[in-house]
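Asker: have a look at this prediction, sequence included:
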Amino acid sequence: MSNSNSFQAGRHFLQIPGPSNVPNSVLRAMTQPVIDHRGPDFPELTNRILDKLAPVFNTSSSIFIFPASGTGGWESALLNTLSPGDRVLAFETGHFATLWKQVAEKLGLEVNWIEGDWRTGIDPNRVEDCLRADTDKSIKAVLAVHTETSTGVTSQIEKIRSAIDTAKHPALFMVDAVSSLACTEFKHDEWQVDVTISASQKGLMLPPGLCLNAASEKAIEFSKSSKSQHSYWQWDAMIENNDRGYFPYTPSTNLLYGLDEALNLLHSEGMDEVFQRHARLAEATRKAVEAWGLEIVCKNSAEYSNSTTGVLVAEGENADSLRNTILRKFNMSLGTGLGKLKGKIFRIGHIGDFNDLMLAGTLSGVEMGLAISDISHSKGGIEAALNYLSSN
Ligand SMILES: *Cc1c(COP(=O)(O)O)cnc(C)c1O
């Protein structure tokens, strides 16, 4: 590990797939004095943020902001819409899908769990088959993780929506877009997502501490008959207060200042440009991985993630010791393998406030780390990435 007692010159490279780097202007925005969240100036901040969030989710429905991590967003989505004993259909794409399933189980839901290989996304045909088999329509919701951050696999939400429609199934559609929002195009309304869950610390370029729920009219209808016991997450209280520009309890005022500024940055760059930047940097990363002769966790190129690339090391080699070497020698944090991928992969985050030269530095750190570790690889990753960047 890095020696925290001694000064390390230069900037730390935080290349985990969230929390991501926070732009300086966002950090500065958060140092503004705290204001009265029940005072006359607060509604302007709330309204400004909600207006600027809508085009990020591509929705005209309600968006709720809670002081919590992304896990709270899962819990809020399930508690508001469903009742204990309800059945939900969920897919094992990786660690985050598994954690969400565990939350659902703890809340008393019955989870139909479709196992997966942690290298591919949700198969829309499988979704259709499962829903067709549910002839009495007892499945109340389909849960899908858009970008499975533990593997770097992005499921095709639009196709999953079509599968639900083809099966003519009335289940709610809930999507975890925590690490895809503001990195990969997301269309809450067009894809008829009922609840989109997100959080502050990934594509939104903020520190951890906020979670978000975008809810369709259908989800809000469901919330009126949900029998789950809860208080903190109540959408009805959010709607009532947000309508007047306030929150039912003390919001994270300074994170909201940061969100206000982060949304300015996203919109001034342009959402399409933001997605293209992520796609290009992700592709350059994969060029480097291929040149190193290492295997990308994501098997299907149509499911490559814009946010993170999972990289397998050879059987018997230890990806965490590589990560530790890179942290100690080059002051860069890479994502660890989570759950059953522990030690077998490392993850390069290319998410949020990130550009060509930051990627060049990141890949240089990885290539130097590979050179001084016992990880079998070839040279030339950086060159492959830079060639791609300079010609695209
Ligand atoms: C980061 C992340 C979460 C949220 O995790 P928290 O630690 O609770 O903020 C949920 N889902 C995915 C896909 C994520 O990447």
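Answerer: Structure's in. What do you need? Predicted model only: the values in this text are computed from it and were never measured.

Asker: okay, CA-based contacts and neighbour counts for the rest of this
Answerer: Fine.

Asker: would you map the helices across the stretch 201-350 of the chain?
Answerer: Assigned by DSSP state H, counting those that start in this stretch, the helices in the stretch 201-350 of the chain fall at 217-225, 235-242, 253-269, 271-291, 319-330.

Asker: dump those helices to TSV, plus distance to the ligand, mean neighbour count and mean pLDDT.
Answerer: Converted to TSV, the helices of the stretch 201-350 of the chain look like this (distance: least, Cα to the nearest ligand atom, whole Å; neighbours: other Cα atoms under 10 Å; pLDDT from 0 to 100):
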stretch	distance to the ligand	mean neighbour count	mean pLDDT
helix 217-225	20	16	98
helix 235-242	19	18	98
helix 253-269	14	20	98
helix 271-291	16	21	98
helix 319-330	19	20	97
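
Asker: looking at those, which is closest to C211?
Answerer: Of all these, helix 253-269 sits nearest to C211, with 11.0 Å by Cα to Cα.

Asker: domains of this structure?
Answerer: 13-21+271-391, 24-267 (automatic domain parsing).

Asker: and those domains: which comes nearest S6?
Answerer: Closest among the domains of the chain, using Cα to Cα: domain 13-21+271-391, at 11.8 Å.

Asker: endpoint to endpoint, the closest one covers what distance?
Answerer: 25 Å (Cα to Cα, to the nearest Å).

Asker: phi, psi of V142?
Answerer: Dihedral pair for V142: phi -110, psi 130, per degrees, to the nearest 10.

Asker: ok, now which ones touch it?
Answerer: Neighbour list for V142: V88, L89, A90, A171, L172, F173, M174 [criterion: Cα atoms under 8 Å, 6 or more residues apart in numbering].

Asker: residue ranges with poor pLDDT in this structure?
Answerer: 1-4 (pLDDT under 70).

Asker: which parts of it sit against the ligand?
Answerer: The interface of the chain toward the ligand, taken as Cα under 6 Å from any ligand atom, is made up of S69, G70, T71, F96, T147, E148, T149, D176, V178, S179.

Asker: dihedrals phi and psi, the third one?
Answerer: Note on T71: backbone dihedrals following degrees, to the nearest 10 are phi -60, psi -40.

Asker: what residues are up against it?
Answerer: Counting by Cα under 8 Å, 6+ apart, T71 makes contact with W100, C211.

Asker: what do you get for the fourth one?
Answerer: With contact taken as Cα under 8 Å, 6+ apart, F96 is in contact with V145, E148, T149, S150.
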